[in-house]
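# okay, here's the prediction I keep looking at, along with the sequence it came from:
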Amino acid sequence: MATAPHPSTHGDLTFRDATEADVDALVGLIESAYRGDDSRAGWTTEADILDGRRTDPEGVVEVIASPDSKLLAVEREGRIVACCQLEHRGDHVYFGMFAVSPALQGAGLGKAIMAEAERTARTTWGAREMHMTVISVREELIAWYERRGYRRTGKMSPFPYGDERFGIPQRDDLQFELLVKQIG
């Protein structure tokens with residue numbers, strides 16, 4: 001597992017590699033940001049398009065344990081308030097599992113986390129590009145990423161209908177679009 005020698009800070013935020021001791025807090029954070037009524041307090045909710053779980057402890061442990069991946073835990077005053085996955089995939093880094101506590105969304109935290117994730121991808125793996133996939137019907141979220149320099153590629157991949165690990169779809173037109181940003 002890759003670990004940072006020292007946590008980095010940004011304002012009142014501390015960034016560090018997540019550990020297995022963080023799993024319950026991370027699952028709770030991710031669920032609260034995307035699913036159920038709690039997610040409606042923020043603007044990243046998927047509650048209108050997906051039911052069920054967004055992740056589970058096994059999925060989070062898998063990311064933490066992978067040698068080509070890290071899960072950044074973002075803390076404020078000793079409490080995890082956000083996270084994101086970075087996975088080295090050859091010539092690029094995949095950005096995923098991005099969650100900010102719904103109560104803190106809209107205050108610039110996401111921008112700071114994206115900047116730190118891109119810096120980490122460059123310094124840890126020498127990455128020149130960051131890739132992510134976003135559910136294509138999430139126009140407001142895609143527009144937010146575009147304002148951060150990501151571009152839509154038009155490359156789509158199917159949503160895993162029937163695999164409840166990714167949620168229970170509430171509509172039949174879900175697919176993922178690849179977004180890419182030059183970071184190096």
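Done, it's in. Numbering: from 1, shown residues only.

# starting from the biggest strand by length in the chain, tell me which strands it pairs with and how they run.
If you go by DSSP state E, the chain has its longest strand at strand 79-89. Paired with strand 79-89 in the same sheet, following DSSP bridges, are strand 69-76 (antiparallel), strand 92-100 (antiparallel).

# what's the closest of the ones you listed to I30?
strand 92-100 (4.5 Å; Cβ to Cβ). For every residue, glycine as well, the C-beta is placed using N, CA and C.

# shouldn't F15 be within a strand?
Yes. According to DSSP: H, G, I helix; E, B strand; the rest coil, the state of F15 is that of a strand.

# gap between it and G28?
Look at F15 and G28: by Cβ to Cβ, to the nearest Å, they are 19 Å apart.

# elements contacting the longest helix along the chain?
Assignment by DSSP state H gives helix 109-125 as the longest helix of the chain. Contacts defined by 3 or more Cβ pairs under 8 Å, 6 or more residues apart in numbering; DSSP states H and E place helix 109-125 against strand 8-10, strand 13-17, strand 69-76, strand 79-89, strand 92-100, strand 129-135.

# render the CA-only coordinates of the last one in CSV, please.
Read that as strand 129-135. The C-alpha atoms that make up strand 129-135 are tabulated as CSV, following Å, rounded to 0.1, in the frame of the first residue of the first chain:
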residue,chain,number,x,y,z
GLU,A,129,-3.7,13.2,-17.2
MET,A,130,-6.5,12.6,-14.7
HIS,A,131,-9.5,10.5,-15.9
MET,A,132,-12.9,10.1,-14.3
THR,A,133,-16.2,8.7,-15.2
VAL,A,134,-19.5,10.5,-14.4
ILE,A,135,-23.1,9.3,-14.9
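
# pLDDT weak spots in this protein?
In the predicted model, the chain carries pLDDT under 70 at residues 1-10, 35-47.

# leaving out sequence neighbours, find the closest residue to the residue most central in space within it.
For the chain, F98 is the residue whose C-alpha lies nearest the centre (Cα atoms, centre = their mean; 1.7 Å). Spatially, and ignoring its direct neighbours in sequence, F98 is nearest to C84 (4.4 Å; Cβ to Cβ, 6 or more residues apart in numbering).

# how many other residues sit next to that neighbour?
The tally of other residues near C84 (other Cβ atoms under 10 Å) stands at 24.

# that one is in contact with Y94, isn't it?
No. Under the criterion of Cβ atoms under 8 Å, C84 makes no contact with Y94, lying 10.6 Å away.
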